[in-house]
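Engineer: 3D model of this:
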Amino acid sequence: MIGVGFVREAIMAAISSDIFLQHGRIAGHLETAFVTLRTSLDAFVSNRMRRAAAEAEYARPHRLLCAPSPSVDSQ
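Structural biologist: Purely as a prediction, here's the structure:
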């Protein structure tokens, strides 16, 4: 006959292994969530940077290529 201590040990081992498996699954889900969040954040920041660069380019005063630069005129 199997001893009560052995059954308790087996039950504890089964519970522990189940906890470790659940921990691994949760860790995997968290990692996936963080990767998704980072990808979304990178896309958002990249889009904002492109917009800001386009707006800065549009707002910058443009010179004609054939017009002399101010430093040439002052000499």
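Engineer: tell me what the helix or strand containing Arg50 is packed against?
Structural biologist: In the assignment (DSSP states H and E), Arg50 maps to helix 4-59. Here helix 4-59 is seen to pack against no other helix or strand when contacts are counted using 3 or more C-beta pairs under 8 Å, 6 or more residues apart in numbering; DSSP states H and E. Using the backbone N, CA and C atoms, a C-beta is placed for each residue, glycine as well.
Engineer: For it, the averaged confidence score.
Structural biologist: In this model, helix 4-59 has an average pLDDT of 86.
Engineer: contact partners of stretch 11-29?
Structural biologist: Stretch 11-29 is touched from outside by no residue, with contacts defined as C-beta atoms under 8 Å, 6 or more residues apart in numbering.
Engineer: Where does Pro61 sit: helix, strand or coil?
Structural biologist: On the three-state scheme (DSSP: H, G, I helix; E, B strand; the rest coil), Pro61 is labelled coil.
Engineer: so who does it touch?
Structural biologist: Here Pro61 is in contact with no residue (C-beta under 8 Å, 6+ apart).
Engineer: Centroid-nearest residue for this protein?
Structural biologist: Arg38 (1.4 Å; C-alpha atoms, centre = their mean).
Engineer: any idea how far Ala59 is from that residue?
Structural biologist: Spatial separation of Arg38 from Ala59 under the definition C-beta to C-beta, to the nearest Å is 31 Å.
Engineer: now Leu41
Structural biologist: Applying C-beta to C-beta, the value for Leu41 to Ala59 is 27 Å.
Engineer: Looking at these two, which has the bigger crowd around it?
Structural biologist: For Leu41 versus Ala59, neighbours defined as other C-beta atoms under 10 Å are more numerous around Leu41 (10 against 7).
Engineer: For the more buried one, give its distance to Ala52.
Structural biologist: Distance check for Leu41 against Ala52: by C-beta to C-beta, it reads 16 Å.
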